[in-house]
Each structure stands twice: as structure tokens, then as C-alpha cells.
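K.L.:
Dropping the sequence and predicted coords here.
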Amino acid sequence: MLLAAPGPTNALLATSGAAKGFGVSLGLLSASLLGYLLAIALLRAVVGPVIAAAPALGVALSAVMCVYLLYLAWVLWRRSGTHLSDAQPITFQRVFLTTMLNPKAIVFAFSLFPLGFSAGEVGLLTWFGILSVLIILTGVLWIAVGAMLRRGMYGTAAAEAGYRGGAVVLMLFACMLGWRLIG
């Protein structure tokens with residue numbers, strides 16, 4: 001459920017589906033998959049032990065992610081007036097970086113995956129395999145949602161709805177993260 005919930009990566013995938021269509025946007029699934037798997041691996045192997053030793057670094061990392069999400073929301077909002085034919089596509093790099101910084105990866109790394117597993121164990125690879133399938137299926141769903149918006153409201157309205165909707169979701173996600181930081 002967490003993977004399918006609106007968030008930064010899903011907002012970008014849906015926005016791409018609305019702006020450029022289903023087929024063109026499918027290439028972004030590999031960026032999402034690579035971003036999540038690499039983020040989880042790095043979080044488990046490197047960041048977890050560092051944050052355990054210095055909790056202030058975890059707060060700083062959360063603040064950086066919050067600012068980045070606000071930046072992405074601002075960029076998407078600015079593009080909201082762009083006609084579909086003029087819209088720049090959501091790039092592999094943007095989806096990859098957004099997914100790497102997605103707070104959901106932190107939840108997956110430290111809550112979903114059992115902490116006792118080490119990188120070489122078969123059980124951990126099974127968890128990664130299951131998560132990979134779910135990432136792909138969820139990404140296809142979000143791209144399809146965006147593509148349906150494209151078909152239903154062709155033209156400037158579709159681009160505006162896609163970009164502004166994605167911007168609002170990113171902003172809300174950043175606000176939730178920020179609230180957690182100050183609360």
C-alpha cells in the first residue's frame with residue numbers, strides 16, 4: 001500500500017503519462033526500480049549505521065529531502081501552463097534522483113525488510129525480488145492513470161492537470177516530511 005500511495009516518484013510517473021503518454025513513459029520504470037533498489041541497499045549498508053551513531057545526521061538528511069521535494073513541486077507547478085506538445089518529458093535522471101531521495105525508501109529499508117538480513121543472504125534477495133515486481137506494477141499503474149488523464153482532457157488542460165496535480169502531491173509529501181521534522 002505504501003508503494004502505491006501518492007508520493008514523489010508516483011507523481012512524476014503520472015505526470016509523464018499525462019504529458020507524453022503511456023508508451024513513452026514506460027522507460028521511466030527502470031529509473032524508479034533502480035532508484036528504489038539502490039537507495040534501499042545504500043541505506044541499509046551505509047546510512048543506517050551512520051545515523052545510529054549520529055542521529056543528527058538523520059534529521060539533516062530528512063531536511064534535505066524535504067527541500068528537494070519542494071523544489072520538484074515548484075518545477076512541476078511552473079510547467080503547468082505548458083501545452084502537451086511543448087512539454088519537456090520527465091527524464092530518467094529526475095525519476096532516478098527523486099526515487100533515491102524518496103522517503104518511502106527509508107521505510108522500506110528499515111521497516112519492510114527484516115533488519116537481521118545481510119546483503120548476501122537469499123532471504124534478502126527474495127525481498128528485493130518481490131519489491132521489484134511491486135515497483136514495476138505500481139509504476140505501470142501510475143503511468144496509466146496519467147495517460148488516462150491525457151486521453152480524457154487532451155491539450156493544455158491535461159498538461160496543467162498533470163503537472164499541477166503532481167506538484168500538489170510533491171508539496172504535500174514535503175510538508176508531511178517537514179511536519180515530522182519539527183513535530
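P.N.:
Structure's in. What do you need?

K.L.:
which residue lies farthest from the center of the chain?
P.N.:
Note on the chain: the largest C-alpha distance from the chain mean falls to Ala53, namely 27.4 Å (C-alpha atoms, centre = their mean).

K.L.:
list the contacts for Leu70?
P.N.:
Residues near Leu70 by C-beta atoms under 8 Å, 6 or more residues apart in numbering: Leu170, Met171, Ala174. (Each C-beta comes from the backbone N, C-alpha and C, glycine too.)

K.L.:
how close does the residue farthest from the centre of the chain sit to Val47?
P.N.:
11 Å (C-beta to C-beta, to the nearest Å).

K.L.:
which ones are touching the residue farthest from the centre of the chain?
P.N.:
So Ala53 contacts nothing (C-beta under 8 Å, 6+ apart).

K.L.:
and Ala73, what is it in contact with?
P.N.:
Contacts here follow C-beta under 8 Å, 6+ apart; on that basis Ala73 touches Gly166, Ala167, Val168, Leu170, Met171, Ala174.

K.L.:
Which helix or which strand is home to the residue found closest to the third one once you drop the neighbours it is linked to in the chain?
P.N.:
Of all residues beyond its chain neighbours, the one nearest Val168 is Ala73 (7.5 Å), with distances taken as C-beta to C-beta, 6 or more residues apart in numbering. Secondary structure here is read from DSSP states H and E; on that basis Ala73 sits in helix 55-78.

K.L.:
residues of that helix that come out buried?
P.N.:
Using 16 or more other C-beta atoms under 10 Å as the test for burial, helix 55-78 gives Leu61, Ser62, Met65, Cys66, Tyr68, Leu69, Leu70, Leu72, Ala73, Leu76, Trp77.

K.L.:
what's the fifth one in contact with, if anything?
P.N.:
The contact partners of Tyr68, by C-beta under 8 Å, 6+ apart, come to Thr98, Leu101.

K.L.:
What does the pLDDT read for it?
P.N.:
Looking at Tyr68, its pLDDT stands at 79.

K.L.:
For Ile90, see how far away it is.
P.N.:
According to C-beta to C-beta, Tyr68 stands 15 Å off from Ile90.

K.L.:
So which of the buried residues of helix 55-78 is the closest to Leu124?
P.N.:
Distance to Leu124, by C-beta to C-beta, is smallest for Leu61 among these, at 22.8 Å.

K.L.:
my guess is that closest one contacts Val47, does it?
P.N.:
Yes - with contact defined as C-beta atoms under 8 Å, Leu61 reaches Val47; the gap is 7.4 Å.

K.L.:
All set now, cheers.
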